[in-house]
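Student: give me coordinates for this.
(4 chains)
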2 protein chains.
Amino acid sequence: MYERKTLPNLNCGLDLIGEVLYGKWKIRLLWFINQGHQRPSELQRKIPDATRRVLNIQLKELEDHELITKKIYPVVPPKVEYSLTDFGKTLIPVIATLGNWGDENELRLRSVILRRLKSESE
Amino acid sequence: MYERKTLPNLNCGLDLIGEVLYGKWKIRLLWFINQGHQRPSELQRKIPDATRRVLNIQLKELEDHELITKKIYPVVPPKVEYSLTDFGKTLIPVIATLGNWGDENELRLRSVILRRLKSESE
DNA sequence: GCAATAGGGGAAAAATTTATCCCTATCTGA
DNA sequence: TCAGATAGGGATAAATTTTTCCCCTATTGC
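Tutor: Have a look, this model is predicted:
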């Protein structure tokens, strides 16, 4: 595992939430787990652009941060289920706020993002 | 400037907001600009851990995404002021939601984040 | 014996983001 | 005249994150 060389800032609320939510797929993982897609293979199907590996890594981080729990059923073939902790559930409205802003401004966002991408590649 | 090799996902609101808010200092930049700290040197003082360079780069991205505007006064020494656009202002409540969650859970977050950092370095 | 299933993990490479270093310019104040 | 404030940029290095590739577990069914 990669070991940080510089310590993160933990000065304010924004630093703190950033520390647990940063990660390309974490927010989506929380969202889908909340929607009842709890098994690793389901999550992979919901997020096909991420590799299995990264999802595992980010799920582990979410677990370490006590936002989700992992339940391993001792059966064969293995069965694993992730659930939000009570703490993790308190994040759902926050994530909803983010998603709503994105949805409400979809057209404009798509436009400015694509414009910037194009100008970069010139 | 670095040129992306893979296109970002822009499927849902979460993807879209992520695209404009990802960046280590962007949220803080928006926050401080909203609080009236509009000049680059002020912003640097507010965010001493970031280098001048990164702040400039991220400010440029925020500008390209139409969240802020940059006004250059033709004086010497140079004077520059950033302001939120109307679009950018709509993000403030969203950022407040993030910061509030972080503040409300400060102790717990600090604890789980530090625990994870320690276990990493073993 | 072999494939399918369901879940993982290590090592190294690639992608991406941030940081470092050094440079430009002008004016003010000591 | 030199230091410091103001704002900025290019090149390169370092840090960090994500992807790729290949491997492992154990059981069931054929």
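
Student: all contacts plus neighbour counts: C-alpha atoms, from now on.
Tutor: Noted.

Student: so how far is A:His65 from the residue nearest in space to the middle of chain A?
Tutor: Nearest to the mean C-alpha position of chain A, by Cα atoms, centre = their mean, lies A:Lys26 at 1.2 Å. Distance, A:Lys26 to A:His65, using Cα to Cα, to the nearest Å: 12 Å.

Student: what of A:Glu106?
Tutor: Taken as Cα to Cα, the span from A:Glu106 to A:His65 is 31 Å.

Student: which one's more surrounded, those two?
Tutor: The neighbour comparison of A:Glu106 against A:His65 (other Cα atoms under 10 Å in any protein chain shown) goes to A:His65, with 24 against 19.

Student: looking at it, the more buried one is touching A:Glu19, isn't it?
Tutor: No. Between A:His65 and A:Glu19 there is no contact under Cα atoms under 8 Å: 9.5 Å.

Student: between those two, which contacts overlap?
Tutor: B:Ile113 (Cα atoms under 8 Å, 6 or more residues apart in numbering or on different chains).

Student: how deep is the residue nearest to the residue nearest to the centre of chain A when sequence neighbours are not counted tucked in, by neighbour count?
Tutor: Excluding the flanking residues, the one nearest A:Lys26 by Cα to Cα, 6 or more residues apart in numbering or on different chains is A:Gln58, at 6.3 Å. A count of neighbours around A:Gln58, defined by other Cα under 10 Å, yields 20.

Student: can I assume A:Gln58 sits in a helix?
Tutor: Yes. Assessed with DSSP: H, G, I helix; E, B strand; the rest coil, A:Gln58 lies in a helix.

Student: ok, it - contacts?
Tutor: Applying Cα under 8 Å, 6+ apart, the residues contacting A:Gln58 are A:Gly23, A:Trp25, A:Lys26.

Student: distance-wise, check the last one relative to DNA strand D.
Tutor: Taken as Cα to the nearest atom of the strand, to the nearest Å, the spacing of A:Lys26 relative to DNA strand D amounts to 8 Å.

Student: isn't that residue right up against A:Lys60?
Tutor: No. Counting by Cα under 8 Å, A:Lys26 stays clear of A:Lys60, with 10.3 Å between them.

Student: could you pull out the buried residues of the lengthiest helix in chain A?
Tutor: Criterion DSSP state H: the longest helix present in chain A is helix A:106-120. With burial defined by 16 or more other Cα atoms under 10 Å in any protein chain shown, the residues of helix A:106-120 counted as buried are A:Glu106, A:Leu109, A:Arg110, A:Val112, A:Ile113, A:Leu114.

Student: is stretch A:37-53 up against chain B anywhere?
Tutor: No. Counting by Cα under 8 Å from any Cα of the partner chain, no contacts exist between stretch A:37-53 and chain B, the nearest distance being 8.6 Å.

Student: ends of that stretch, how far apart?
Tutor: This stretch, stretch A:37-53, spans 18 Å end to end (Cα to Cα).

Student: and A:Lys71, that one's in a helix?
Tutor: No. Read with three-state DSSP, A:Lys71 is strand and lies in no helix.
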